[in-house]
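S.K.: Quick one, fold the following:
(2 chains)
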Amino acid sequence: MKKRNVSVLLAALLVLTAAAIAGSGRTNSEIPAPPAIGATIEEFSLPDVNGQDRTLKSIKGKNGTVLIFIAVQCPVSNAYNERMEKLATDYKSKGIAVVGINANGTEDAAAVKAHAAEKGLSFTILKDPGNKIADKLGATRTPEVYFLDGSNKLLYHGRIDNSQNPSAIESNDLKDALDSALAGKPIEKTEAKAFGCSIKRA
Amino acid sequence: MRLSRIILPVGLSVLLVSFAASAQRRKSRVASSTKPAPVKPVVKPINTDDLKALISKQKDKPLLLNFWATWCDPCRDEFPDLVKIDGEFRPQSLDFVTVSLDEMTELTTGVPKFLVQMKATMPTFLLNVTDPEPAINAVDPKWQGDLPATFLYNEKGEVVFKHFGRVDTAELRTAIEKAVKKS
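M.R.: Just a heads-up that it's a prediction; the model follows:
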């Protein structure tokens, strides 16, 4: 009798746990809208892939910061690995820092670190457990970019370019925004969209 | 003599019935052996204008529109549920169209292959554009392009349900039931 009670209890627990897991992931339909262009992004702190807390202040570039939501397993994000790395290298000397943020609840810091090493991503990558910053920025997909000026004012939001296929690039939206900002010119296109993988929220 | 009068017709009847049954079995065997092989789904390319036309055309029944890609895990995960929904609600006057965001190179390879695996028969298009932004905005200016994305239009062409990310099947079913009842 006792054995039967324990089995029933275990089964109930299993059902409850499965229900909790199934219901825990928020969908992108419930995410607040991204901040408006021109809004100042508040200071934040996130752990890097080694678990060390990093503030925006400590990683930002003198002339601006490019925050890119990236992923380990998303083929679209992975299609941009080389382009993101080149961007980080090319603009470092111009005072713009590229920072990756992984907000996928399905990819832990160790996986993010191993992926960065494998793909040759040398820029700082932060983990966003609980999607604190992804929620604040209204980020929904990977890759998704937020370009802030030296005072953390949002200047550009959206895609890196128009195609995950490098041979089909016709519109270098992020690069154009960076170059305009560095030249002190207004950014012509401040938002641009592309398809990407949805962020797997915790 | 009397006995033979009874036995003969009964025996003949049994023979006739068994002959008919055997012929029927042969017929069904022939029918099953000539059953056509499953048709490879035809995936058609679609541009932004045609996508706009698809959404805005005069409808006489609700339209379910799902955007997906073979490289998108949650898209693949939700697809079997969508196939079930198609089978269940198409006879109840639901139009269901899917739009793949795969590369054009997958038009005759990866996309139809996936549809065969899923036993999916709903019309499927592949978005053939160099810049995806006009297509995303034509569907919904608030959509950032994250996949999967699902939209349900009523017969008047109004969006009555939309979802970004893996869809909640129960929520979608409720919305479809409501939409097909009204149409």
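S.K.: in chain B, what secondary structure element scores lowest on mean pLDDT?
M.R.: Lowest on mean pLDDT, DSSP states H and E among the helices and strands of chain B sits helix B:2-33, with a mean of 49.
S.K.: By average pLDDT, which secondary structure element in chain A comes out worst?
M.R.: helix A:2-24 (a mean of 44).
S.K.: now the helices: where do they sit in chain A?
M.R.: Ranges of helices within chain A are A:2-24, A:56-59, A:75-79, A:81-92, A:109-119, A:132-137, A:173-182, based on DSSP state H.
S.K.: what sits against the residue lying closest to residue A:138 once chain neighbours are set aside?
M.R.: Closest residue to residue A:138 in three dimensions, ignoring its sequence neighbours and counting by C-beta to C-beta, 6 or more residues apart in numbering or on different chains: residue A:34, at 3.4 Å. Glycine gets a C-beta too; all of them are placed from N, C-alpha and C. Taking C-beta atoms under 8 Å, 6 or more residues apart in numbering or on different chains as the criterion, residue A:34 is in contact with A:137-139, A:146, A:157, B:144.
S.K.: which of those sit farthest apart?
M.R.: By the measure C-beta to C-beta, A:146 and B:144 form the most distant pair in the contacts of residue A:34, at 12.2 Å.
S.K.: ok, these two, which is more surrounded?
M.R.: A count of neighbours by other C-beta atoms under 10 Å in any protein chain shown puts residue B:144 above the other of residue A:146 and residue B:144, at 26 against 23.
S.K.: Would you mind measuring from the more buried one to residue A:197?
M.R.: 12 Å (C-beta to C-beta, to the nearest Å).
S.K.: shared neighbours, the two?
M.R.: Common contact partners of residue B:144 and residue A:197 (C-beta under 8 Å, 6+ apart): residue A:141.
S.K.: Quick one: name the residues of chain B near chain A.
M.R.: B:67, B:69, B:71-74, B:101, B:103, B:130-133, B:136-137, B:142-148, B:162-166, B:168 (C-beta under 8 Å from any C-beta of the partner chain).
S.K.: Which of these fall within helices?
M.R.: The members of the residues of chain B next to chain A that map onto helices under DSSP H are B:73-74, B:133, B:136-137.
S.K.: what's around residue B:104, how many residues?
M.R.: 14.
S.K.: nearest residue to it other than its sequence neighbours?
M.R.: Counting by C-beta to C-beta, 6+ apart, the residue nearest residue B:104 is residue B:128, at 5.7 Å.
S.K.: is it true that the one you found touches residue B:44?
M.R.: No. The pair residue B:128 / residue B:44 is not scored as a contact, 9.2 Å apart, by C-beta atoms under 8 Å.
S.K.: Look at those two and report which has more neighbours.
M.R.: Between residue B:128 and residue B:44, counted using other C-beta under 10 Å, residue B:128 has the larger neighbour count: 16 against 11.
S.K.: check contacts around the more buried one.
M.R.: B:45-47, B:104 are the contacts of residue B:128 under C-beta under 8 Å, 6+ apart.
S.K.: For residue B:85, give me its contacts.
M.R.: Residue B:85 neighbours (C-beta under 8 Å, 6+ apart): B:64, B:96, B:169, B:172-173, B:176.
S.K.: who touches the spatially most central residue of chain A in this structure?
M.R.: Nearest to the geometric centre of chain A sits residue A:69, at 1.4 Å (C-alpha atoms, centre = their mean). Residues in contact with residue A:69 (C-beta under 8 Å, 6+ apart) are A:100-103, A:134, A:139, A:141-145, A:199.
S.K.: all strands of chain B, in order?
M.R.: Remark: strands assigned in chain B by DSSP state E are B:43-46, B:63-68, B:95-100, B:124-127, B:146-147, B:149-153, B:159-164.
S.K.: The residue minimising distance to the centre of chain B and residue B:78: what is the separation?
M.R.: Centroid-nearest residue in chain B, with C-alpha atoms, centre = their mean: residue B:122, separated by 3.0 Å. Noted for residue B:122: a distance of 14 Å to residue B:78, by C-beta to C-beta.
S.K.: What count of nearby residues applies to residue A:137?
M.R.: 24.
S.K.: Test my guess that it contacts residue A:67.
M.R.: Yes. In this structure residue A:137 lies within contact range of residue A:67 using C-beta under 8 Å: 7.4 Å.
S.K.: Identify the contacts common to the two.
M.R.: Residues touching both residue A:137 and residue A:67 (C-beta under 8 Å, 6+ apart) are residue A:146.
S.K.: List the contacts of residue A:111.
M.R.: residue A:72.
S.K.: Next one: it relative to chain B, how far apart?
M.R.: Distance of residue A:111 to chain B, computed by C-beta to the nearest C-beta, to the nearest Å: 15 Å.
S.K.: what does residue A:73 give?
M.R.: Counting by C-beta to the nearest C-beta - residue A:73 and chain B are separated by 7 Å.
S.K.: List the contacts of that residue.
M.R.: Counted by C-beta under 8 Å, 6+ apart, residue A:73 has contacts A:104, A:106-107, A:197, B:73.
S.K.: Alright, calling it a day.
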